[in-house]
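K.L.:
The sequence and its predicted three-dimensional model are supplied below.
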Amino acid sequence: MIFLPEPGSCGGRLDPTQALVPDDVATVVDWHLRPPRWTGVARTVCGHIDYELIAVNHPELFDRREHVGAPAREALWEARRVLAEVGLVLQLEVQFEKIGDQLALAVYGAGVAGRLTDKLWTEISPLLTTCCSMVREPRPDIDLLAGSLTPRRPAITRGRRVIPAAIRPAVYELDDVTHTWWSYEVFGTLREGCVCTAHTPAAQAVHIGPKNRAS
Ligand SMILES: [Zn+2]
Ligand SMILES: [Zn+2]
């Protein structure tokens, strides 16, 4: 991994001699990479990369991780489309991880700059909220332009907006943040009876099967 951002890029690039990330994926993510969190190889946090296309060409990269608690991939792409229709960009935090000697992709975050209108919230929140997610919204009274110049106030948990389909995230806070952001755990624990999109057949199998590392 080489972290030497160039002007106009939002991150670093892969070592050109690396063999873990397929060439067609490397070409797309180069200059968007940031140092990994935890045990990953690298990660991206931006809205520049078409992960839907990567998932079409390499579904195994996402399947390999068996990530419990993140939204179903189709829900992510749908949120991206809905936001794009009004000129907003879905940003994704995707970590590149090594499982054995193979690459796997895990989605640890999704969100958008600013605070969503009530109409957009109604459309987006059931797509991105899972019972294993932490949701942070900018407080209604935040001055987004002042941003980090003002002292950060304690997060508040009242005045939260309703999420359609009665999906309850693990944590929901209004805070002095500039993005509406959903974070997903490394190993989520699905809530029984919940209808969020994290309850895919694959996730259920991992969740109740012998490979359940969340319990
Ligand atoms: Zn980028
Ligand atoms: Zn759920």
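P.N.:
Looks like it came in fine. Numbers count the residues shown, from 1 in each chain. Ligands and ions are numbered 1, 2, ... in the order given.

K.L.:
any idea of the mean pLDDT in the longest helix along the chain?
P.N.:
In the chain, assigned by DSSP state H, the helix with the most residues is helix 73-85. The average pLDDT for helix 73-85 rounds to 97.

K.L.:
Mind listing residues that contact that helix?
P.N.:
Defining contact as Cβ atoms under 8 Å, 6 or more residues apart in numbering, one finds that helix 73-85 is touched by 51-52, 55, 62, 71, 89-90, 92, 107, 110, 112, 120, 123-124, 127-128, 197. For the C-beta atoms, the positions are set from N, CA and C on the backbone; glycine is no exception.

K.L.:
same thing with stretch 182-198?
P.N.:
If you take Cβ under 8 Å, 6+ apart as the criterion, stretch 182-198 is touched by 38, 67-72, 74-75, 93, 106-111, 126-136, 165-170, 199, 203-204, 207, 213-215.

K.L.:
Buried only: go through those residues for me.
P.N.:
Among the contacts of stretch 182-198, the ones that count as buried by 16 or more other Cβ atoms under 10 Å are 67-72, 75, 93, 106-111, 126-136, 167, 169-170, 199, 203, 207.

K.L.:
Would you mind measuring from residue 166 to residue 131?
P.N.:
11 Å (Cβ to Cβ, to the nearest Å).

K.L.:
Quick one: check the helix or strand in which residue 202 is found for contact with ligand 2.
P.N.:
Assigned by DSSP states H and E, residue 202 belongs to helix 201-208. No. For a cut-off given as Cβ under 5 Å from the ion, helix 201-208 has no contacts with ligand 2; the smallest distance is 9.1 Å.
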